[in-house]
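Novice: Coordinates for the following, if possible.
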Amino acid sequence: MALGNALGTTGWLGDVLAARNGYVWCVMPRGQGVLVYDTNETPGDTQDDDWRILTSDPAKGGLPSDDIYCLEEDLDGEIWIGTAAGPCVIYLPSVVFDSGYENPVASQILIQQDGNYQLLLETEVIASICIDGGNRKWIGTQNSGAYLLSPDGIDQVAHFTSSNSPLLSNQVTDIALNHRNGEVLIGTQRGLMGWRGDASNFAEEIGALRVYPNPVEADFEGWVTVEGLAYNSTVHITTLSGRAVATMQSEGGRAVWDTRDFTGALVPYGVYMVFATDATGASAGVTKLAVTR
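Specialist: This next block holds a predicted model:
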């Protein structure tokens with residue numbers, strides 16, 4: 001089945017996303033929806049290929065809008081789609097080609113705000129979606145800046161605008177991440193803003209732990225950073241005698257600590273152990289941190 005049959009003589013392709021399950025997702029500009037293409041794991045043989053076009057028609061995907069701006073696959077294999085009427089998610093990409101699946105394959109996210117329920121960013125044009133090392137979603141809009149959302153999209157972690165941050169314009173054109181150091185680059189109509197996030201890579205195993213600053217000087221008032229972690233690791237801070245003083249979860253390959261204990265007090269002078277384990281317990285790491293205040 002040739003791809004030309006899907007596009008016809010007037011079809012266009014925009015951004016292309018090659019998903020981990022082998023499907024190819026394509027933005028079709030000019031209000032034509034999303035093309036999903038399956039090579040059936042034989043890209044050299046087009047005879048067994050299949051394709052679907054998803055639109056706002058509930059029988060053909062149920063997208064919030066036929067105007068599509070961006071596509072992204074998250075760490076769970078879910079497909080996030082930015083439209084002219086907010087984002088939507090395809091939680092089970094495989095059902096796109098299931099002819100017996102009767103429900104819309106795309107879902108919008110219902111959130112609670114000021115005691116009322118509403119659809120996430122349903123009045124916004126979503127220009128860019130980017131996934132960080134903690135599987136959180138960076139959403140760039142055409143009118144109201146950039147949002148950092150929790151992995152499921154329900155909770156807002158941060159909202160950057162030209163009035164509350166160095167963002168040069170609320171019209172965001174693109175967002176990109178440097179997964180090695182966690183830096184987020186937000187492109188706007190008037191220029192670029194960089195922000196150092198707390199989620200770096202997608203590592204599956206813990207490597208050599210790095211802690212900085214080390215030592216923590218008396219006048220230090222920031223956050224201590226632990227790097228070399230796996231996605232969703234747990235970090236424990238203890239005294240040399242083994243008494244636990246703090247616990248935190250990593251966002252991607254990095255975790256941060258405000259040097260306070262479970263009671264909220266700054267930890268005193270001393271040497272502390274930093275223990276880390278991944279989500280499955282398959283890998284671990286340990287290092288030391290000195291506090292000199």
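Novice: can you map out the helices along the protein?
Specialist: 4-7 (DSSP state H).
Novice: center of it - which residue?
Specialist: By C-alpha atoms, centre = their mean, the mean C-alpha position of the chain lies nearest to Ile131, the distance being 2.3 Å.
Novice: Quick check: chain neighbours aside, which residue is closest to it?
Specialist: Asp74 (4.9 Å; C-beta to C-beta, 6 or more residues apart in numbering). No exception for glycine: its C-beta is placed from N, CA and C like everyone else's.
Novice: what do you get for Leu185?
Specialist: In space, Leu185 is closest to Ala176, 4.8 Å off (C-beta to C-beta, 6+ apart).
Novice: burial measure for that neighbour, as a count.
Specialist: Per other C-beta atoms under 10 Å, the neighbour tally for Ala176 reads 14.
Novice: so what are the domain limits for the protein?
Specialist: The chain breaks down by automatic domain parsing into domains covering 4-196, 210-291.
Novice: got the residue ranges for the strands in the stretch 51-200 of the chain?
Specialist: Ranges of strands in the stretch 51-200 of the chain, per DSSP state E, counting those that start in this stretch, are 68-73, 79-83, 86-90, 110-113, 116-119, 126-131, 137-141, 146-149, 156-160, 172-178, 183-188, 191-196.
Novice: Do you know the pLDDT at Gly252?
Specialist: For Gly252, the model assigns a pLDDT of 67.
Novice: and if you look at the one 4 residues further on?
Specialist: What the model reports for Val256 is a pLDDT of 87.
Novice: Spatially nearest residue to it (excluding sequence neighbours)?
Specialist: Trp223 (4.3 Å).
Novice: what's the one you found in contact with, if anything?
Specialist: The contact partners of Trp223, taken as C-beta atoms under 8 Å, 6 or more residues apart in numbering, are Val256, Trp257, Asp258, Thr259.
Novice: So the last one is in contact with Val226, correct?
Specialist: Just to be clear, that refers to Thr259. No - using C-beta atoms under 8 Å, Thr259 is not in contact with Val226, being 11.9 Å away.
Novice: Compare the two (neighbour count), which wins?
Specialist: Neighbour comparison, Thr259 and Val226: the larger count goes to Val226, with 24 against 20 (by other C-beta under 10 Å).
Novice: so how far is Ala246 from the more buried one?
Specialist: Note on Val226: its distance to Ala246, by C-beta to C-beta, to the nearest Å, is 11 Å.
Novice: Now the common contact residues for the two.
Specialist: Joint contacts of Val226 and Ala246 (C-beta under 8 Å, 6+ apart) are Trp257.
Novice: For stretch 19-28, which residues meet the burial criterion?
Specialist: Neighbour counts over stretch 19-28 (16 or more other C-beta atoms under 10 Å) mark Ala19, Tyr23, Val24, Trp25, Cys26, Val27, Met28 as buried.
Novice: now swap in stretch 121-141 and tell me
Specialist: 121-122, 124-141.
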